[in-house]
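J.: Based on what follows, work out the 3D shape:
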Amino acid sequence: MRTLFLGDVVGRAGRAAIAETLPKLREDWKLDFVVVNGENASSGAGLTGAHAKLLLDAGADVLTLGDHAFDQKDMLSFIDGEPRVIRPLNFAKQAPGRGAGLFKDRRGRKVLVTQVLGQVFMKRAFDDPFSAMDATLRAHPLGGQAQMILVDVHCEATSEKMAMGHFCDGKASLVVGTHTHVPTGDAQILPGGTAYLSDAGMCGDYDSVIGMDKAEPMRRFVTGMSKGRFTPALGAATLSGVLVESDDRTGKATLVKMVRLGGRLEQSGI
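T.: Numbers count the residues shown, from 1 in each chain. Coordinates of the predicted model:
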């Protein structure tokens, strides 16, 4: 199975890049399944129902969220009617939606998509991500109920992401980090057969400060004072993520490659 995961979509530039590129990419790369983290797609914080529909219509099979899952208030009601949007497993127990879903690719093979939030350096303490992930993976054994399992680890600390990768090794096809908007260069297949990448990066304008127009964040760093809100940068976006091939029988990864398409990163040869 060929699965593409794309990192955090940031604002209008990221949405446009997905809408313009993903439909053709699915055909050219013969993709079986596509997962997109969309939690910053609407004004740089959260995801609206309309923008979720745009990303799904462009070719995403599933969207994951993150700590900004419900910053856009209409997601509170939208998510209950759209099972293809996954919020973190260890979010508040009263939160709408679900933290894991079993889906089928275009050939009928079953794919489990799930997400957890990290605890280290995050603004508030979420429930333990490791126990939440353990329960989900025990209920969906790789190569049994699911031919492919994708875990989105939405964390600030790379150490916590790495620990989750090793925790899931042999029990998932791919563990990929999101949240920092900075792509890492450590794509690998772990000893147990799980593909791993510390951070997929973002789908947004890299001539920015993690996707935001440079002026306001630089002002705050230099002067310690704010003048306005953060707004997403509007330049040409790079699609950042990871491509994984996995064995249908075992669910283990056989290939993992970082993806950098368009915008500044591809122009720089990264």
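J.: Could I get the full set of helices for this structure?
T.: 11-28, 49-57, 75-81, 129-139, 158-167, 215-223, 263-267 (DSSP state H).
J.: Out of the ones you listed, the one nearest residue 203 is which?
T.: Of all the helices of the chain, helix 11-28 sits nearest to residue 203, with 4.2 Å by CB to CB. C-beta here means a position set from N, CA and C on the backbone, and glycine is covered the same way.
J.: Pull out the buried residues from that closest one.
T.: If you call a residue buried by 16 or more other CB atoms under 10 Å, then helix 11-28 has these buried ones: 11-18, 21-22, 25-26.
J.: Can you pick out the most distant pair from these?
T.: Greatest spatial distance among these (CB to CB): 11 and 26, at 22.8 Å.
J.: buried stuff in stretch 247-266?
T.: Within stretch 247-266, judged by 16+ other CB under 10 Å, the buried ones are 251-253, 256, 258-266.
J.: returning to that earlier point: kindly reformat the helices of the chain as TSV containing mean pLDDT and distance to residue 191.
T.: Formatted as TSV, these follow (pLDDT from 0 to 100; distance: least, CB to CB, whole Å):
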stretch	mean pLDDT	distance to residue 191
helix 11-28	97	31
helix 49-57	98	34
helix 75-81	97	36
helix 129-139	97	17
helix 158-167	98	9
helix 215-223	95	39
helix 263-267	79	29
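J.: would JSON lines of these with distance to residue 95 be doable?
T.: Formatted as JSON lines, the helices of the chain follow (distance: least, CB to CB, whole Å):
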{"stretch": "helix 11-28", "distance to residue 95": "24"}
{"stretch": "helix 49-57", "distance to residue 95": "16"}
{"stretch": "helix 75-81", "distance to residue 95": "9"}
{"stretch": "helix 129-139", "distance to residue 95": "13"}
{"stretch": "helix 158-167", "distance to residue 95": "20"}
{"stretch": "helix 215-223", "distance to residue 95": "29"}
{"stretch": "helix 263-267", "distance to residue 95": "33"}
